[in-house]
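Enquirer: next comes the sequence, and after it the predicted model I'd like to discuss.
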Amino acid sequence: MLKTVNPVLESKIVDIWEIFKTTNPDFVLHLCANFYNGLIKDEKARFEREIHVHSNFKIHYHLIPDFVNLLT
């Protein structure tokens, strides 16, 4: 399978697989949007429920008010 991807990508994939052999890394998901409201309540709950099945994931939401606050 890896022989069909570019060699640089193949190298990175192999590196990632090696990491997973020795540790269970933590992941941080950053959801960014250029609107004022985040996901609708039901969709957010469903998304978070599915992500939190895995204990090594955290979610950070970034909406337009967050970006405005950083810039002002």
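Expert: Nice, thanks for sending it over. In this text, all values refer to a predicted model and were calculated from it rather than measured experimentally. Numbers count the residues shown, from 1 in each chain.
Enquirer: please count neighbours and contacts with C-alpha atoms only from this point.
Expert: Fine.
Enquirer: can you pull the buried residues of stretch 58-66?
Expert: Neighbour-count burial for stretch 58-66 flags His62 (criterion: 16 or more other CA atoms under 10 Å).
Enquirer: host element of the residue nearest the centre of the chain?
Expert: Residue closest to the mean C-alpha point of the chain, counted by CA atoms, centre = their mean, is Leu29 at 2.9 Å. Per DSSP states H and E, Leu29 falls inside strand 27-32.
Enquirer: which elements pack onto that strand?
Expert: The contact analysis (3 or more CA pairs under 8 Å, 6 or more residues apart in numbering; DSSP states H and E) places strand 27-32 against strand 57-62.
Enquirer: and the strand it packs on with strand 27-32, angle?
Expert: In terms of direction (axes from the mean of the first three to the mean of the last three CA atoms, to 10 degrees), strand 57-62 departs from strand 27-32 by 20 degrees.
Enquirer: strand 57-62 pairs with which strands, and in what direction?
Expert: Sheet pairing for strand 57-62, assigned by DSSP bridges, gives strand 27-32 (parallel).
Enquirer: quick check: His60 touching His30?
Expert: Yes. Contact status for His60 versus His30: in contact at 4.9 Å, counting by CA atoms under 8 Å.
Enquirer: show me what counts as buried in the helix ranked longest in the chain.
Expert: In the chain, with assignment by DSSP state H, the single longest helix is helix 7-22. Counting neighbours by 16+ other CA under 10 Å, one finds that helix 7-22 has no buried residues.
Enquirer: show me the shaky parts of this protein.
Expert: 1-2 (pLDDT under 70).
Enquirer: assumed Leu39 was part of a helix.
Expert: No. Using DSSP: H, G, I helix; E, B strand; the rest coil, the assignment for Leu39 is coil, not a helix.
Enquirer: what about it, how many neighbours?
Expert: Using other CA atoms under 10 Å, Leu39 is surrounded by 13 other residues.
Enquirer: please tell me how far it sits from Tyr61.
Expert: 10 Å (CA to CA, to the nearest Å).
Enquirer: for the nearest residue to Asn34 once chain neighbours are set aside, give me its contacts.
Expert: In this structure, Asn34 finds its nearest non-sequential neighbour in Ile64, 4.9 Å apart by CA to CA, 6 or more residues apart in numbering. With contacts defined as CA atoms under 8 Å, 6 or more residues apart in numbering, the neighbours of Ile64 are Ala33, Asn34, Phe35, Tyr36.
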